[in-house]
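Student: sequence and predicted model, in that order:
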Amino acid sequence: MKRRLALAVGLSASAMLAGLVTATPASAATLLARCNTTGASGGVTVDDFYGATDEINFFMGVDDTLADGHHARVRLITKNAAGTTKYWAWHANYDGAGTSKEIRSYAHDDSGIFDVGIQVARFEGSSLLNSCTKWTTAT
């Protein structure tokens with residue numbers, strides 16, 4: 001019985017080691033984040049994220065969720081190797097309650113992109129009323 005158990009454990013360890021040896025050096029992940037604040041909801045998706053890079057392609061969306069006369073905005077946020085956060089341009093949805101705006105674009109940063117997030121907000125003109133921030137997680 002001990003011999004069979006030792007053999008089974010040995011085979012399992014060998015299989016795990018073989019999996020580690022044949023694994024690709026960097027596996028792509030899909031990054032997702034979504035957050036909601038009063039009057040606005042939004043999210044970001046980054047496909048094929050391999051880790052630290054200087055450029056990403058992303059898709060963002062923002063919904064105006066409240067008939068209050070204010071508008072919703074969304075923007076990408078990233079962090080570089082030093083942990084410095086970069087706040088990208090806001091994208092506004094002026095079309096009113098119950099509407100959505102979608103943005104498909106890319107971000108390039110010579111300092112690197114190590115983390116990706118989103119900010120969603122409700123604005124009155126150029127004044128930010130309330131917001132939420134969410135960093136992505138890999139799926």
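Tutor: Ah, there it is. Here the structure is a predicted model, which means the values were calculated and not measured.
Student: now the residue positioned nearest the centre of the chain. Nearest residue, chain neighbours left out?
Tutor: Closest to where the C-alpha atoms of the chain average out (Cα atoms, centre = their mean) is Thr136, at 3.3 Å. In space, and not counting its chain neighbours, Thr136 is closest to Leu31: 3.7 Å by Cβ to Cβ, 6 or more residues apart in numbering. Where you see a C-beta, it was placed from the backbone N, CA and C, and this is true even at glycine.
Student: that neighbour in helix, strand or coil?
Tutor: strand (DSSP: H, G, I helix; E, B strand; the rest coil).
Student: measure how buried it is and give me the count.
Tutor: Per other Cβ atoms under 10 Å, the neighbour tally for Leu31 reads 20.
Student: that one touches Val46, doesn't it?
Tutor: Yes. If you go by Cβ atoms under 8 Å, Leu31 and Val46 touch, sitting 4.1 Å apart.
Student: now do the spatially closest residue to Thr137 that is not a sequence neighbour against Val44, distance only.
Tutor: Counting by Cβ to Cβ, 6+ apart, the nearest residue to Thr137 once its immediate chain neighbours are dropped is Leu32, at 6.5 Å. Distance of Leu32 to Val44, given as Cβ to Cβ, to the nearest Å: 7 Å.
Student: overlap in contacts, these two.
Tutor: Residues touching both Leu32 and Val44 (Cβ atoms under 8 Å, 6 or more residues apart in numbering): Thr136.
Student: so the two - more neighbours on which side?
Tutor: Val44 (28 against 17).
Student: what's the first helix or strand after the longest strand anywhere in the chain?
Tutor: Taking DSSP state E as the criterion, the chain has its longest strand at strand 100-113. Heading C-terminal from strand 100-113, the first helix or strand you meet, by DSSP states H and E, is strand 115-124.
Student: would you confirm that the residue nearest to Thr137 contacts Thr45?
Tutor: Yes. Contact criterion Cβ under 8 Å: Leu32 and Thr45 qualify, at 5.6 Å.
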